[in-house]
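Visitor: structure for this input, please:
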Amino acid sequence: MNGANLVEDLSFQNGAVDLHAIAAGPKDGPAVVLLHGFPEFWYAWHRQIEPLAAAGFRVIVPTAWLQLSSKPLGVAAYALNELVSDVIAIADQLGREKIFLAGHDWGAAVAWSAALLHPHVSRSSQCSTSHPSVMRKFLSTRPRQLLRSWYMFFFQLPWLPEAVFSAFDFRVGVRALLRSSRQGTFSSEELAQYRGAWSQQALSLE
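Guide: Sure thing, here's the model as predicted:
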């Protein structure tokens with residue numbers, strides 16, 4: 001990423017959870033928090049960070065679930081309300097009453113809930129994830145949609161998801177990125193960035 005020297009590492013705290021984030025842009029600029037999906041990490045936003053920072057925004061990109069952030073045990077620690085509380089903790093520790101919020105995939109689900117439940121969120125933009133009430137309706141009335149969301153249940157199993165995901169140099173993760181994107185979206189160097197993040201200490205949901 002050009003201008004990488006502008007990027008900072010920040011730490012936030014939400015109870016016992018340590019939240020690591022990438023930050024860029026003027027510290028007094030309006031805050032925009034970018035939330036990645038699965039199986040992404042902060043690097044999913046690397047093309048947006050510098051332009052937003054150059055436009056005067058204080059850009060915060062949590063590295064949630066991967067790399068330097070805490071990986072608490074138990075499925076309950078990753079419930080939607082817990083992830084929303086992480087976002088609000090970041091806003092509070094930035095000293096901001098209002099933030100802009102954007103999310104992709106699972107990050108969009110968190111962004112939807114944060115925008116609906118908390119006045120901290122001034123504007124919110126979501127990519128590839130519908131409004132929570134629409135999603136609930138589709139999951140309950142459209143078996144095809146439920147089948148498409150099978151992975152959400154699979155990744156709640158103990159040890160097996162990690163074993164499958166990490167096999168053959170993270171082939172499952174790489175294929176997920178390539179199949180869900182336009183051809184040429186990911187270079188070999190970018191895929192190496194993802195493999196490096198995925199190879200960090202495995203997330204435990206036991």
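Visitor: any weak-confidence spans in the protein?
Guide: Low-confidence segments of the chain, defined by pLDDT under 70: 1-5, 64-68, 128, 130-132, 134-135, 138-139, 145, 201-206.
Visitor: check which helices and strands whichever strand or helix holds E162 is in contact with.
Guide: Following DSSP states H and E, one finds E162 within helix 160-179. When contacts are defined as 3 or more Cβ pairs under 8 Å, 6 or more residues apart in numbering; DSSP states H and E, helix 160-179 packs onto helix 188-198. From N, CA and C alone the C-beta is placed, and that goes for glycine too.
Visitor: got the CA positions of the helix it packs on in PDB?
Guide: Extracted in PDB, the C-alpha atoms of helix 188-198 (Å, rounded to 0.1, in the frame of the first residue of the first chain):
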ATOM      1  CA  SER A 188      -0.400 -13.600  -5.700                       C
ATOM      2  CA  GLU A 189       1.200 -11.000  -3.300                       C
ATOM      3  CA  GLU A 190      -2.200 -10.100  -1.900                       C
ATOM      4  CA  LEU A 191      -3.100 -13.800  -1.400                       C
ATOM      5  CA  ALA A 192       0.200 -14.200   0.400                       C
ATOM      6  CA  GLN A 193      -0.900 -11.500   2.800                       C
ATOM      7  CA  TYR A 194      -4.100 -13.400   3.600                       C
ATOM      8  CA  ARG A 195      -2.200 -16.700   4.100                       C
ATOM      9  CA  GLY A 196       0.100 -14.900   6.500                       C
ATOM     10  CA  ALA A 197      -2.800 -13.600   8.600                       C
ATOM     11  CA  TRP A 198      -4.600 -16.900   8.600                       C
END
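Visitor: who touches the residue nearest the centre of the chain in this structure?
Guide: Against the mean C-alpha coordinate of the chain, by Cα atoms, centre = their mean, the closest residue is H36 at 2.6 Å. Taking Cβ atoms under 8 Å, 6 or more residues apart in numbering, we find H36 in contact with 42, 44-45, 61-62, 64, 103-105, 107.
Visitor: same check on W106?
Guide: Contacts of W106 by Cβ under 8 Å, 6+ apart are 37-38, 129.
Visitor: ok, back up a step: can you report phi and psi for the residue nearest to the centre of the chain?
Guide: phi -90, psi 170 (degrees, to the nearest 10).
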